[in-house]
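K.L.:
Whatever this is, show me its structure:
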Amino acid sequence: MADEKKLDGKARREFLQGAGAAAFTALAAPNLLSAKAAGNLGTMRSAVPGLGAADTDAIRAEIEKRHDESLQRLQTWLKQPSIAAENRGMNEGCELMMQMLREAGFQQVRKMPTDGQPGVFATLDAGAAKTLGLYFMYDVKQADPAEWSSPPFEAALVDKPFGKVVMGRGAVNQKGPEATFLAALHAMRAAGKKLPVNLVFVAEGEEEIGSPHFPQVVRRPEVLDALRKCVGVTMPFASQDLDGSVTTFFGAKGVIELELVSSGEKWGRGPRRDVHSSNKARLDSPAWHLVEALATLVTPDGNEPAIEGYTEKARPLSVAEKKMIAIAAKRLDENTVKKGMGVQRWVHDVSFQESLELLVSKPTVNIEGLVGGYTGPGGKTILPGRAVAKLDLRLVPDMTAKESLELLKAHLVKKGFGDIEVNMTGGYDPTSTPMEAKLVVAEGAVYKRHGIDPVEMPRLAGSWPGFVFTGEPLKMAASHFGLGHGNGAHAPDEYYLIESKNPKVQGMDGATFSHVEYLYEIAMSA
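P.N.:
Purely as a prediction, here's the structure:
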């Protein structure tokens, strides 16, 4: 998210380490593709349900043949900035994605106006018995070129110890996985194969600012009617860590992104504009007023939410979910996770298992940033007339964004801070999908074919707007899928793996074929 895939790609993978995948035994099988293709495709030569051997080989051959074309398509997309937070390149980014959809075979592609950035609604009718929903985002996070080793919008190819990557903002979150899915559609059509499922596509350009207007796209009558025909909605994802392991999530936390603004103008105390700091002797400070308000939102150590009523409806972990986490804690490597984040201890010095339980089940109140007065080099002796705190609140099942926001506002009023502005910039409810959903079963079948036994977790600690699908009125399954690897979402040097040196980890071609497998698994599902 937005956040993850979307929550920071690094944060999403910080606890995915340590679950080894079985080695592939069929890479040297007779009449497979070339050694280069085997390294990219890396797929075990076991039968894909509904897809014969000859068609399988034909699709694989097209994937290899179109490798450069697929990579160039991704690079073109990455070179187009589309940053909702800065309103930069959004129309161009939307138009480019729509063009890519038409080229991939979607017969109807429509731009959907909203009160913010436009969404997109598209359909691909293959005359199939089943229909799959597809969610994309075309916006990306901001990027400071000074922090990158390669410019964030040049989409350069970079050699890493584990293979060749494309580096750029949006590479893994989400343009790389999305372009890989489109590459699968191109390869299947070029091989003379109709898609085994129909597709209903919805996309937004505001995921990275909390999806404030995405419901306006999904809740249009024609979109709802199309989605109701779907077995569920999937989001392309680069699910593998560098050791080939995969973690499956059965939902995600919700989120509220907001700003708290303290100003002398609204407060009626302190300066209405910046004044000389010598006046602090006789004036109140809007900045300190904000600090005091923030301190009431959590316990003194900053670790437990203290907003009255905020956590009352938070659903506790079930016995089955606790068992799932206990198994995950034994399979994941705690030291690797800590090293990846640069930390030495968990909150309250809890055990690794307890840290995982907190990660997926605990509502949070987090300060993303504080801005007030002068923050440049040296000093500037002023008393600021305005200060802003950027917060995010993570929500778990049975909590809602609307109610949580109202509780926050009521809390500030009760504590004497009713003058502080609360501006919600985006957010949505938590999402959950049953383990027995067709999407989840299809994912598991593909992973099993690749010798992967995924680590299972109740939900992603980050957030994505799956609630528009899993909640009212659709109440359908929504999930993530895709082999392949990438990292660095929301961070400098974000990348997506193109060619892998490790046969357990799929490059772009292998990830492309995983989507082919997935579509056939969906088509053959009961």
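
K.L.:
Can I take it that E222 is in a strand?
P.N.:
No: counting by DSSP: H, G, I helix; E, B strand; the rest coil, one finds E222 to be helix, located in no strand.

K.L.:
ok now do it, which residues does it touch?
P.N.:
E222 is in contact with F121, counting by Cβ atoms under 8 Å, 6 or more residues apart in numbering. Every C-beta, even on glycine, is put in place using the N, C-alpha and C of the backbone.

K.L.:
Buried residues, stretch 288-297. List them.
P.N.:
For stretch 288-297, a neighbour-count test (16 or more other Cβ atoms under 10 Å) marks 288-290, 293-294, 297 as buried.

K.L.:
helices and strands around the helix or strand hosting E521, which ones?
P.N.:
Under the criterion of DSSP states H and E, E521 resides in helix 508-524. Where contact means 3 or more Cβ pairs under 8 Å, 6 or more residues apart in numbering; DSSP states H and E, helix 508-524 is packed against helix 35-41, helix 53-65, helix 67-78, helix 176-190, strand 230-236, helix 438-449, strand 478-481, strand 495-500.

K.L.:
picking up where we left off before, now tabulate the buried residues of stretch 288-297 in a markdown table and tack on secondary structure and distance to M508.
P.N.:
Compiled in a markdown table, the buried residues of stretch 288-297 are given as follows (DSSP: H, G, I helix; E, B strand; the rest coil; distance: Cβ to Cβ, whole Å):
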| residue | secondary structure | distance to M508 |
| --- | --- | --- |
| W288 | helix | 52 |
| H289 | helix | 52 |
| L290 | helix | 46 |
| A293 | helix | 48 |
| L294 | helix | 44 |
| L297 | coil | 44 |
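
K.L.:
Against H485, how distant is M508?
P.N.:
M508 sits 10 Å away from H485, going by Cβ to Cβ, to the nearest Å.

K.L.:
who touches both of these two?
P.N.:
496-497.

K.L.:
Now do the buried residues in stretch 434-443.
P.N.:
Neighbour counts using 16+ other Cβ under 10 Å place 437-440, 442-443 of stretch 434-443 among the buried residues.

K.L.:
what does stretch 335-346 give?
P.N.:
Within stretch 335-346, the residues scored as buried using 16+ other Cβ under 10 Å are 337-338, 340, 346.

K.L.:
So which of those residues is the closest to G119?
P.N.:
G340 (34.2 Å; Cβ to Cβ).

K.L.:
Looking at the helices and strands packed on helix 508-524, spot the one closest to K409.
P.N.:
K409 lies closest, by Cβ to Cβ, to one member of the helices and strands packed on helix 508-524: strand 478-481, at 29.6 Å.

K.L.:
where along the stretch 301-450 of the chain do the strands fall?
P.N.:
In the stretch 301-450 of the chain, the segments counted as strands under DSSP state E, counting those that start in this stretch are 364-372, 382-383, 386-395, 421-428, 431-432.

K.L.:
Name every strand pairing with the second one and say which way it goes.
P.N.:
Meaning strand 382-383. The strands beside strand 382-383 in its sheet (DSSP bridges) come out as strand 275-276 (antiparallel).

K.L.:
Now do the same for L317: its pLDDT.
P.N.:
Listed pLDDT for L317 reads 97.

K.L.:
I misspoke; the intended subject was Q353.
P.N.:
pLDDT at Q353 comes out at 98.

K.L.:
Can you get me a residue count around it?
P.N.:
The number of residues packed near Q353 is 17, by other Cβ atoms under 10 Å.

K.L.:
mind checking how far it is from E95?
P.N.:
From Q353 to E95 the distance is 48 Å (Cβ to Cβ).

K.L.:
Give me the below-cutoff pLDDT ranges for the stretch 1-150 of the chain.
P.N.:
1-46 (pLDDT under 70).

K.L.:
Please repeat the previous calculation with a cut-off of 50.
P.N.:
For the stretch 1-150 of the chain, residues meeting the criterion pLDDT under 50 lie at 1-39, 43-44.

K.L.:
Which stretches in it count as strands?
P.N.:
Applying DSSP E, counting those that start in this stretch to the stretch 1-150 of the chain gives strands spanning 108-112, 119-124, 131-137.

K.L.:
mind listing what the shortest one pairs with, with the direction of each?
P.N.:
Next to strand 108-112 in the sheet, as set by DSSP bridges, lie strand 119-124 (antiparallel).

K.L.:
quick one: contacts of the strand it pairs with?
P.N.:
The contact list for strand 119-124 (Cβ under 8 Å, 6+ apart) reads 94, 97-98, 101, 104-112, 136, 138, 185, 195, 198-205, 213-214, 216-217, 220, 222-223, 226.

K.L.:
Among the residues you listed, the buried ones, what's the ChimeraX command?
P.N.:
Only the buried entries of those go into this ChimeraX selection, using 16+ other Cβ under 10 Å:
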select :94,97,98,101,104,105,106,109,112,136,138,185,195,198,199,200,201,202,203,204,205,213,214,216,217,220,223,226
